[in-house]
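Trainee: Predicted structure and sequence below. I'll ask about it afterward.
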Amino acid sequence: MSRLTAYETVERLRSPGIWPDKVRSVRVIETHLSWVFLTSRFAWKMKKPVRHAGSDLRALGARERDCRREFALNRRLAPKVYQAVVPLTLDRAGSLAVNGSGRVVDWLLQMRRLPASRMLDCVLAAHTLRTEDLRAVSATLAAFYAARPRLAIDTARYRRNLGELIDANERDLCDPALKQDVAAVAALCGSQREALAQLRPCLERRVREGRIVEGHGDLRPEHVCLVKPIQIIDCLTLSKVLRTVDCADEIAFLALECERLGASQAGRILLRAWRQASGDRPDTALLHFYQSLRAAVRARLAALHLREKAYCGSPRWIARTRCYLRLARVHLKRCRRRLNARAGLLV
């Protein structure tokens with residue numbers, strides 16, 4: 001029986017005749033960790049046989065498990081999108097087939113394609129967002145969080161998780177190769193640590209109330225589709241620790257991303273609608289702390305692109321890093337102002 005390399009498999013999957021939904025053309029998108037094949041109705045994701053931080057997908061069984069984990073996690077918020085995990089097979093004649101009868105050589109995650117024009121980032125760019133859309137998103141998320149089981153996590157562990165994010169941001173953003181203002185980064189991270197310490201009673205209350213859940217983990221506008229019902233895709237699958245979040249943290253992050261896209265008002269409406277839908281009333285200082293921390297995380301992830309040969313000196317990623325660092329400082333200032341006002345201090 002013949003064998004195919006990953007490159008040969010991808011080349012064969014460019015052929016329309018292989019796909020079961022009778023297509024005329026196939027578009028292939030390559031990411032760091034996968035290939036995605038776009039047919040007329042579906043997107044089919046195939047994992048790369050590579051090892052990366054937190055996961056080793058070189059073995060066929062590991063790729064199957066990873067597909068099934070991604071399928072199960074994303075079905076929580078996008079049941080109409082994530083259709084199945086199907087085998088890619090190779091028969092004795094060397095013919096490749098999707099869900100065929102030959103030997104399984106790889107696995108595909110089958111997803112129904114969503115209308116690009118209804119993704120939240122596109123709707124924001126087109127200035128066609130309606131308040132009803134944000135209410136629908138908020139109601140969907142409120143129901144999702146309410147259905148999540150309460151996690152067995154203590155306050156100390158939760159605060160350590162947040163502190164470790166600050167440490168990782170400072171470590172990477174202070175790498176000389178990323179050419180950031182090291183003193184400014186250190187000052188930002190130091191001030192975030194001080195705010196984290198001041199917010200300890202608030203964080204303890206959030207843990208006691210069961211507000212820490214296994215959530216989406218990467219709640220950005222490009223992952224939210226404004227169809228009926230709302231579909232939210234591409235959750236963070238690699239780390240349960242990073243999916244373990246305060247539900248207010250996730251909503252605040254989505255509001256932050258709306259702000260970055262020039263839609264601050266949409267973010268405020270989203271937060272207000274979520275409070276109404278969930279009955280949750282998180283401390284405003286805490287929301288700004290979460291937004292500052294998430295902005296710093298996104299700054300780090302944007303800056304890390306500059307280590308890669310393809311993006312070294314890229315104006316796009318330099319600008320993105322600066323934008324997120326600016327937002328991190330803005331929201332930290334708002335957080336500190338509220339904390340200081342609570343303590344009766346002049347700012």
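Mentor: That came in fine, so what should we check first? If you're wondering where the values come from, they're calculated on a predicted model, not measured in any experiment. Residues are numbered from 1 along each chain as shown.
Trainee: what sits up against the strand or helix carrying residue 201?
Mentor: Assigned by DSSP states H and E, residue 201 belongs to helix 200-208. Helix 200-208 has contacts (Cβ atoms under 8 Å, 6 or more residues apart in numbering) with 153-155, 158-159, 162, 196, 212, 246, 248, 282-283, 285-286. No exception for glycine: its C-beta is placed from N, CA and C like everyone else's.
Trainee: can I have that helix written out in PDB, keeping just the CAs?
Mentor: Presented in PDB, the C-alpha positions along helix 200-208 are these (Å, rounded to 0.1, in the frame of the first residue of the first chain):
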ATOM      1  CA  ARG A 200      -7.700  40.300  46.000                       C
ATOM      2  CA  PRO A 201     -11.000  40.600  47.900                       C
ATOM      3  CA  CYS A 202     -12.800  41.100  44.600                       C
ATOM      4  CA  LEU A 203     -11.200  38.100  43.100                       C
ATOM      5  CA  GLU A 204     -12.000  36.000  46.200                       C
ATOM      6  CA  ARG A 205     -15.700  37.000  45.800                       C
ATOM      7  CA  ARG A 206     -15.700  36.000  42.100                       C
ATOM      8  CA  VAL A 207     -14.300  32.600  43.000                       C
ATOM      9  CA  ARG A 208     -16.800  32.100  45.800                       C
END
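Trainee: Name the residues of that helix that are buried.
Mentor: 203, 206, 207 (16 or more other Cβ atoms under 10 Å).
Trainee: circling back: generate TSV for the contacts of helix 200-208, with distance to residue 170, neighbour count and secondary structure as supplementary columns.
Mentor: Formatted as TSV, the contacts of helix 200-208 follow (distance: Cβ to Cβ, whole Å; neighbours: other Cβ atoms under 10 Å; DSSP: H, G, I helix; E, B strand; the rest coil):
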residue	distance to residue 170	neighbour count	secondary structure
153	24	14	coil
154	25	11	coil
155	23	16	helix
158	20	19	helix
159	17	17	helix
162	13	20	helix
196	13	18	helix
212	24	26	strand
246	22	24	strand
248	24	23	helix
282	25	23	coil
283	25	19	coil
285	22	21	helix
286	21	22	helix
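Trainee: just the residues you listed now: which is nearest residue 222?
Mentor: When those are compared for distance to residue 222 (Cβ to Cβ), residue 248 wins out at 21.3 Å.
Trainee: and that closest one, what does it touch?
Mentor: 206, 211, 280, 282, 286, 287, 290.
Trainee: out of the residues you listed, what pair is the most spread apart?
Mentor: Spanning the widest gap among the contacts of residue 248 are 280 and 290, at 13.2 Å by Cβ to Cβ.
Trainee: The two - which one has more neighbours?
Mentor: residue 290 (25 against 18; other Cβ atoms under 10 Å).
Trainee: picking up where we left off before, out of the contacts of residue 248, the closest to residue 321 would be?
Mentor: Checking the contacts of residue 248 against residue 321 by Cβ to Cβ gives residue 290 as the nearest, at 19.6 Å.
Trainee: where does residue 5 land on pLDDT?
Mentor: Each residue has a pLDDT score; the one for residue 5 is 86.
Trainee: Same question for residue 54.
Mentor: At residue 54, pLDDT is 73.
Trainee: what do you get for the one 3 residues further on?
Mentor: Confidence per residue is given as pLDDT, and for residue 57 that number is 93.
Trainee: mind listing the strands for this structure?
Mentor: For the chain, the strands defined by DSSP state E occupy 27-30, 34-38, 42-47, 51-52, 55-56, 82-90, 96-98, 103-112, 212-214, 224-225, 231-232, 244-246.
Trainee: strand partners of the fifth one, parallel vs antiparallel please.
Mentor: For strand 55-56, sheet partners with direction are given as strand 51-52 (antiparallel), following DSSP bridges.
Trainee: Can you tell me what sits against the strand it pairs with?
Mentor: So strand 51-52 is contacted by 32, 33, 57, 58 (Cβ under 8 Å, 6+ apart).
Trainee: With stretch 118-128 instead?
Mentor: 116-117, 129, 133, 137, 220-227, 258, 261-263, 266.
Trainee: Buried members of the residues you listed into ChimeraX, please.
Mentor: Buried residues within these, by 16+ other Cβ under 10 Å, are selected in ChimeraX with:
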select :129,133,137,220,221,223,224,225,226,258,261,263,266
